[in-house]
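[1] build me a structure from this.
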Amino acid sequence: VSHCCVEKTELSHAVLDDRIARTRQYIEEHFSEPIRIDDLTLMTHMSPRQLFRIFARVFRVSPMTYQQNLRLEAAQSLLRSTPLRCNEIARRVGYTNVYYFHRVFKKKTGLPPRQYRLSRIQGLANEGASKPL
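    Got it, this is the predicted structure:
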């Protein structure tokens, strides 16, 4: 009898892990789009509370914070590697309000987007200048 209970518990953890992994994958593939909690709960067949609790246990953040972190990582990458204007970068990573993007970006990195870009450019220039020829 205990054998059946162990298999059932392992199976339920595997199913939960699969649903959380699918949730993470969905967020990663659609991070720049609006994601509704209702869509995630329908996809996982979990209540919002259960989804948030399990997702946070696995990834240490809520699904929405995970999405925001992905957006900010993409914005940092675009600021470092492209000459795109901040409002275009905000739009590309999923922020419709550029002022909100600036506020969230500064809170996360400590710098406004423009200053972040300049500090990265200056850092690369200083790094290149210090290398021997």
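[2] now the residue nearest in space to the middle of the chain: which helix or strand?
    Centroid-nearest residue in the chain: L70, 2.5 Å away (criterion: C-alpha atoms, centre = their mean). In the assignment (DSSP states H and E), L70 maps to helix 63-81.
[3] quick one: list the elements packing against the helix or strand just after that helix.
    Per DSSP H and E, the first helix or strand lying C-terminal to helix 63-81 is helix 86-92. Packing contacts for helix 86-92, counted by 3 or more C-beta pairs under 8 Å, 6 or more residues apart in numbering; DSSP states H and E, involve helix 63-81, helix 98-109, helix 113-130. For the C-beta atoms, the positions are set from N, CA and C on the backbone; glycine is no exception.
[4] report the residue spans of the chain with pLDDT below the cut-off.
    Where the chain drops to pLDDT under 70, the residues are 1-16, 123-133.
[5] go with 50
    1-12, 129-133 (pLDDT under 50).
[6] ok, the nearest residue to L72 once chain neighbours are set aside - how many residues close by?
    The shortest distance from L72 to any non-neighbouring residue, by C-beta to C-beta, 6 or more residues apart in numbering, is to K108 (5.1 Å). For K108, the count of nearby residues is 16 (other C-beta atoms under 10 Å).
[7] you'd agree C86 is up against H102?
    Yes. Judged on C-beta atoms under 8 Å, C86 makes contact with H102 at a distance of 7.2 Å.
[8] send me the helix holding L70 as PDB with only the CA atoms.
    Taking Å, rounded to 0.1, in the frame of the first residue of the first chain, the C-alpha atoms of helix 63-81 are listed here in PDB:
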ATOM      1  CA  PRO A  63       5.100  34.700 -12.400                       C
ATOM      2  CA  MET A  64       4.500  38.400 -13.000                       C
ATOM      3  CA  THR A  65       7.900  39.400 -11.400                       C
ATOM      4  CA  TYR A  66       9.500  36.700 -13.500                       C
ATOM      5  CA  GLN A  67       8.100  38.300 -16.600                       C
ATOM      6  CA  GLN A  68       9.200  41.800 -15.500                       C
ATOM      7  CA  ASN A  69      12.700  40.500 -14.800                       C
ATOM      8  CA  LEU A  70      12.800  39.100 -18.400                       C
ATOM      9  CA  ARG A  71      11.600  42.400 -19.800                       C
ATOM     10  CA  LEU A  72      14.300  44.300 -17.900                       C
ATOM     11  CA  GLU A  73      17.100  41.900 -18.900                       C
ATOM     12  CA  ALA A  74      16.000  42.300 -22.600                       C
ATOM     13  CA  ALA A  75      16.000  46.000 -22.200                       C
ATOM     14  CA  GLN A  76      19.500  46.000 -20.700                       C
ATOM     15  CA  SER A  77      20.700  43.900 -23.600                       C
ATOM     16  CA  LEU A  78      19.100  46.200 -26.100                       C
ATOM     17  CA  LEU A  79      20.600  49.300 -24.400                       C
ATOM     18  CA  ARG A  80      24.000  47.700 -24.500                       C
ATOM     19  CA  SER A  81      23.900  46.400 -28.100                       C
END
